[in-house]
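Enquirer: Compute the structure for the input listed below.
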Amino acid sequence: MRTSILFQAKAEAPVSESAATSPSPELATKPEDSPLPQVIESLHELKGIPGKIADWLCNYGFTESWIDPMTQGILVIGIALVALVVHFGARTALTRGFVWIIKKSEITWDDAFVRSRALKWLAHLLPAFVVLLLAQLLLTDPFPDLAAFVQSSARLYLIVVGVLVINAFLNGLGLITRRSKVGDDIPLDSLVQVSKLMLFVTALLVTIATLTGRDILKILAGMGAFAAVLMLVFKDAILGLVAGIQLAANRMIRPGDWIEMPKHGADGNVIAVGLTTVKVRNWDKTITTLPTYSLISDSFKNWRGMDESLGRRIKRSLFLDMNTVQLCDEAMLERFAQIEYIEEYMAKKGEEIEEWNKTHVVDPEDVVNSRRLTNLGTFRAYILSYLKNHPVINQEMTLLVRQLAPGEHGLPIEIYCFSSDKRWVHYEDVQSDIFDHLIAIAPEFDLRIFQTPSGADLRHLAQTVKLPRKRATKKAVGSSAK
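Expert: Numbers count the residues shown, from 1 in each chain. Prediction:
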């Protein structure tokens with residue numbers, strides 16, 4: 001091989017000289033306005049560079065044992081220098097020229113690819129193609145083993161850089177989707193992670209095929225026995241992949257949703273939906289990490305429906321002392337008729353009851369047989385009217401005041417309505433204001449709120465009820481000594 005370069009250079013010298021003096025008829029007849037034939041001819045002329053380098057080294061007195069190694073080293077260094085120049089030129093054009101254009105444009109989504117450094121990695125692709133081309137032209141004929149090594153290295157470099165480029169573009173795509181409305185509706189982060197996993201697996205198979213020189217299909221066929229181990233190692237990733245596709249297809253969860261999952265101690269907003277995990281920021285600012293597949297296998301509550309509805313539900317009960325429920329007498333009816341919210345109700349009910357008693361010939365003073373209002377029913381009517389006139393209660397959604405089954409804690413009067421203001425702090429303020437008013441107004445209807453007696457209640461009872469005291473008996477104390 002050492003003498004082949006010298007002999008090849010000497011043999012090709014007259015051929016190139018004759019070609020220079022007498023061009024072929026085809027080249028003489030073709031017009032020179034097309035640069036493509038000239039470029040192809042210039043590339044083919046590069047094949048003579050190894051011979052010229054060998055001649056140059058021979059003229060300087062190097063022996064034949066040194067010519068081949070030095071020629072190989074000069075060619076490799078030259079290819080590396082050309083690749084570096086191409087790399088710096090491509091990086092300057094992409095990272096400065098294109099970045100300047102992107103930043104000056106009115107479109108904002110392309111800024112994501114600058115932040116993900118996709119253009120930086122894209123500049124590494126062109127030098128690899130240059131190395132492949134130069135290795136084919138300069139090294140294949142004189143040094144086939146060196147050419148195979150350089151080309152294999154360049155292909156591996158292309159695989160690595162290609163993976164980094166696609167990974168950067170996927171990161172940029174993830175940034176774009178997070179800012180878009182589609183990203184709010186569909187958790188695309190898990191799909192991006194699935195794409196990255198498939199990209200890395202494909203790159204690994206291509207790398208193995210490049211190093212071994214075997215076909216990818218044969219490698220996949222030989223990995224059948226290894227599939228069980230892979231499934232065991234990537235169990236969470238496989239389950240998360242299936243769960244992520246189901247979550248995305250059914251739109252079950254997305255970043256920003258408020259979910260409750262007591263089994264895993266999660267109660268807060270979803271901040272990230274990944275391939276294998278879902279992160280939830282709880283209301284106490286702690287972070288709970290859930291397996292993605294647990295959202296498919298287990299039940300959880302998603303409050304997104306409340307956010308998308310017209311109101312947030314208020315469902316709470318007042319517990320009244322049943323001993324204070326009574327029929328209304330005339331004094332109570334006159335007092336209740338002065339309340340603005342139930343003034344119309346009292347008038348309408350009074351006429352209705354009077355008409356019913358006359359129709360059925362019932363004495364109004366007959367407590368058992370006549371119809372009469374109760375302070376509890378009037379209080380329920382007041383609560384309903386009060387809620388209908390409340391400015392924050394949504395009147396287009398369900399609104400009711402109902403009486404639940406009595407129990408050991410008294411008679412529950414449940415309020416079921418929806419607040420138009422769904423913000424948590426404001427919602428709690430509205431709910432508290434409503435019950436503050438109702439608790440304070442209940443005594444006006446001669447009703448008392450029930451609560452379990454406490455120490456203060458028992459002390460008050462002891463002070464109001466005087467128990468008879470036992471008289472102290474005097475015992476005669478006699479002298480024991482007589």
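Enquirer: Who are the packing partners of the top helix by length along the chain?
Expert: In the chain, taking DSSP state H as the definition, the longest helix is helix 144-179. Counting by 3 or more CB pairs under 8 Å, 6 or more residues apart in numbering; DSSP states H and E, the packing neighbours recorded for helix 144-179 are helix 64-92, helix 111-115, helix 118-122, helix 125-134, helix 188-212. All C-beta atoms are positioned from the backbone trio N, CA, C, and that covers glycine.
Enquirer: The same query, at a cut-off of 6 Å, please.
Expert: Helices and strands touching helix 144-179, by 3 or more CB pairs under 6 Å, 6 or more residues apart in numbering; DSSP states H and E, are helix 111-115, helix 118-122, helix 125-134, helix 188-212.
Enquirer: Could you say which one of these comes nearest to Ile296?
Expert: Among those, the nearest to Ile296 by CB to CB is helix 188-212 (12.3 Å).
Enquirer: From the contact counts, what lies against the closest one?
Expert: Using 3+ CB pairs under 6 Å, 6+ apart, helix 188-212 is in contact with helix 144-179, helix 216-222.
Enquirer: And the ones you listed, which one averages the lowest pLDDT?
Expert: Ranked by mean pLDDT, these bottom out at helix 216-222, which scores a mean of 70.
Enquirer: Can you add distance to Ile314 and mean neighbour count and give the helices and strands packed on helix 144-179 back as JSON lines?
Expert: Compiled in JSON lines, the helices and strands packed on helix 144-179 are given as follows (distance: least, CB to CB, whole Å; neighbours: other CB atoms under 10 Å):
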{"stretch": "helix 111-115", "distance to Ile314": "42", "mean neighbour count": "17"}
{"stretch": "helix 118-122", "distance to Ile314": "50", "mean neighbour count": "20"}
{"stretch": "helix 125-134", "distance to Ile314": "61", "mean neighbour count": "19"}
{"stretch": "helix 188-212", "distance to Ile314": "35", "mean neighbour count": "16"}
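Enquirer: Dump those into CSV; add mean pLDDT and distance to Trp424 as well.
Expert: Below are those laid out as CSV (pLDDT from 0 to 100; distance: least, CB to CB, whole Å):
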stretch, mean pLDDT, distance to Trp424
helix 111-115, 66, 32
helix 118-122, 74, 40
helix 125-134, 82, 51
helix 188-212, 77, 26
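Enquirer: out of those helices, which comes closest to Leu84?
Expert: helix 125-134 (7.2 Å).
Enquirer: export the closest one as PDB, just CAs?
Expert: Extracted as PDB, the C-alpha positions of helix 125-134 are listed here (Å, rounded to 0.1, in the frame of the first residue of the first chain):
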ATOM      1  CA  LEU A 125     -24.900  18.300  11.000                       C
ATOM      2  CA  LEU A 126     -23.200  19.900   8.000                       C
ATOM      3  CA  PRO A 127     -19.600  19.100   9.100                       C
ATOM      4  CA  ALA A 128     -20.500  15.400   9.400                       C
ATOM      5  CA  PHE A 129     -21.700  15.300   5.800                       C
ATOM      6  CA  VAL A 130     -18.500  17.100   4.700                       C
ATOM      7  CA  VAL A 131     -16.400  14.400   6.500                       C
ATOM      8  CA  LEU A 132     -18.400  11.700   4.800                       C
ATOM      9  CA  LEU A 133     -17.900  13.200   1.400                       C
ATOM     10  CA  LEU A 134     -14.200  14.000   1.800                       C
END
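Enquirer: Kindly calculate the angle that it makes with helix 144-179.
Expert: Between helix 125-134 and helix 144-179, the angle comes out at 160 degrees (axes from the mean of the first three to the mean of the last three CA atoms, to 10 degrees).
Enquirer: Now tell me what touches helix 125-134 from outside.
Expert: Ile79, Ala83, Val86, His87, Ala90, Gln151, Ala154, Tyr157, Leu158, Val161 (CB atoms under 6 Å, 6 or more residues apart in numbering).
Enquirer: Recalculate using a threshold of 10 Å.
Expert: For helix 125-134, the external contacting residues (CB atoms under 10 Å, 6 or more residues apart in numbering) are 43, 46, 49, 75-76, 78-80, 82-91, 93-94, 147, 150-151, 153-162, 164-165.
Enquirer: Show me which residues of stretch 432-441 are buried.
Expert: Going by neighbour count (16 or more other CB atoms under 10 Å), the buried part of stretch 432-441 is Ile434, Leu438.
Enquirer: Export stretch 76-88 to PDB, keeping only CA atoms.
Expert: Output in PDB follows, covering the C-alpha atoms of stretch 76-88 (Å, rounded to 0.1, in the frame of the first residue of the first chain):
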ATOM      1  CA  VAL A  76      -7.200  13.300   8.400                       C
ATOM      2  CA  ILE A  77      -6.000  16.600   9.700                       C
ATOM      3  CA  GLY A  78      -7.100  18.300   6.500                       C
ATOM      4  CA  ILE A  79     -10.500  16.800   6.600                       C
ATOM      5  CA  ALA A  80     -10.900  17.800  10.300                       C
ATOM      6  CA  LEU A  81      -9.800  21.400   9.500                       C
ATOM      7  CA  VAL A  82     -12.300  21.600   6.600                       C
ATOM      8  CA  ALA A  83     -15.000  20.300   8.900                       C
ATOM      9  CA  LEU A  84     -14.200  22.800  11.600                       C
ATOM     10  CA  VAL A  85     -14.300  25.700   9.100                       C
ATOM     11  CA  VAL A  86     -17.700  24.500   7.800                       C
ATOM     12  CA  HIS A  87     -18.900  24.100  11.400                       C
ATOM     13  CA  PHE A  88     -18.000  27.600  12.300                       C
END
